[in-house]
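Asker: predicted model and sequence follow; I will ask about them next.
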Amino acid sequence: MDYIVIGIVAFLASILTFFSGFGLGTILTPAFILFFPVDLSIALTGVVHFLNNLFKLYLVGMLADKSILIRFGIPAVLAAFLGAGLLLLLTDLPALFSYEFWGRTFEVSPLKFVISLLLVVFAFLDLIPKLHSLNIKSKHLPVGGMLSGFFGGISGHQGALRSAFLIKAGLSKSTFIATSVVISSFIDFTRISVYATRFISSGLQDNIPLLATSTLAAFSGAYLGSKLLKKVTLPFVQKLVAIMLLLIAVALGLGWI
């Protein structure tokens, strides 16, 4: 059952994240948590996310905007080191509040609360028609890179912030997706290198078959997404990003993820 559930989730999430630039890790982690401890779930998700990014890199990586890779990607990688290092130091950060719902207890940390507020702001930038014509200036891209890399390193939620900035950077549909993939791969490699010692202790090596299944399912979703690329319009991508931003913001703000 675990292979079927996780495989289906990985496949569907990979299709969504191909266009939005984020979502695979956020959706896949809870599926792993249904069957495995939290630390192992994070390890498994991290590896699948990175390998899937490498596959998407092969599919569309050449279309990435090199100037944005420099202005956005380099600050993102540097900030990801800081975020990942801070995560290892602040694992016991107290929650802002907690509550019970349907027999389960949910906690909201300061980090999740701040990210949730940021995502709501970015989402409405895409949903309000008058703001569709706004472009983020080049001088703001390094700030977006630092935010995306830092929060990616400390919580794994790098894609939503990255997409919120890049979707307003005046890129074409294909260039937006490709640039997101390349930057995401850089951040994943950075944070996984910092998390590496915990991956080993969590028992990652004992679950290679499940890891392979979920990775292949994610590859299939990414491949299907690449075939649908020409049929998807940029406004659709913008609306999808905004909707997913709001959904993740609500889930983070309520402590569900």
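Answerer: Sure, I can see it. Numbers count the residues shown, from 1 in each chain.
Asker: tell me the pLDDT at Asp92?
Answerer: Asp92 is assigned 60 on the pLDDT scale.
Asker: pretty sure Ile167 sits against Phe176.
Answerer: Yes. Ile167 lies in contact with Phe176 (Cβ atoms under 8 Å); the separation is 6.5 Å. All C-beta spots, glycine's among them, are computed from the backbone N, C-alpha and C.
Asker: in what helix or strand does Lys107 lie?
Answerer: In this structure residue 107 is Glu, not Lys. Assigned by DSSP states H and E, Glu107 belongs to strand 104-108.
Asker: repeat that for Ala164.
Answerer: Using DSSP H and E, Ala164 maps to helix 159-166.
Asker: need the CA coordinates for that helix. PDB is fine.
Answerer: The C-alpha coordinates for helix 159-166 follow below in PDB (Å, rounded to 0.1, in the frame of the first residue of the first chain):
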ATOM      1  CA  GLY A 159       9.800  27.000  -4.400                       C
ATOM      2  CA  ALA A 160       6.800  29.100  -3.500                       C
ATOM      3  CA  LEU A 161       8.900  32.200  -2.800                       C
ATOM      4  CA  ARG A 162      11.100  31.600  -5.900                       C
ATOM      5  CA  SER A 163       8.100  31.300  -8.200                       C
ATOM      6  CA  ALA A 164       6.400  34.300  -6.700                       C
ATOM      7  CA  PHE A 165       9.400  36.500  -7.700                       C
ATOM      8  CA  LEU A 166      10.200  34.800 -11.000                       C
END
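Asker: what packs against that helix?
Answerer: Using 3 or more Cβ pairs under 8 Å, 6 or more residues apart in numbering; DSSP states H and E, the elements in contact with helix 159-166 are helix 2-20, helix 110-127, helix 141-155, helix 173-202, helix 234-253.
Asker: would you mind getting the angle between that helix and helix 141-155?
Answerer: Interaxial angle of helix 159-166 relative to helix 141-155 (axes from the mean of the first three to the mean of the last three Cα atoms, to 10 degrees): 170 degrees.
Asker: what's the angle from helix 159-166 to helix 173-202?
Answerer: Relative orientation of helix 159-166 versus helix 173-202 (the same axes, to 10 degrees): 160 degrees.
Asker: so helix 159-166 versus helix 2-20, what angle?
Answerer: 10 degrees.
Asker: start the count at 28 instead of 1 going forward.
Answerer: All right, first residue 28 from here; so that's helix 186-193.
Asker: least confident secondary structure element in this structure?
Answerer: Each helix and strand of the chain was given a mean pLDDT (mean pLDDT, DSSP states H and E); the minimum falls on helix 51-60 at a mean of 67.
Asker: helix or strand right after that helix?
Answerer: Later in the chain than helix 51-60, the nearest helix or strand by DSSP H and E is helix 65-87.
Asker: that following helix packs against which elements?
Answerer: With contacts taken as 3+ Cβ pairs under 8 Å, 6+ apart, helix 65-87 sits against helix 29-47, helix 51-60, helix 200-229, helix 235-255.
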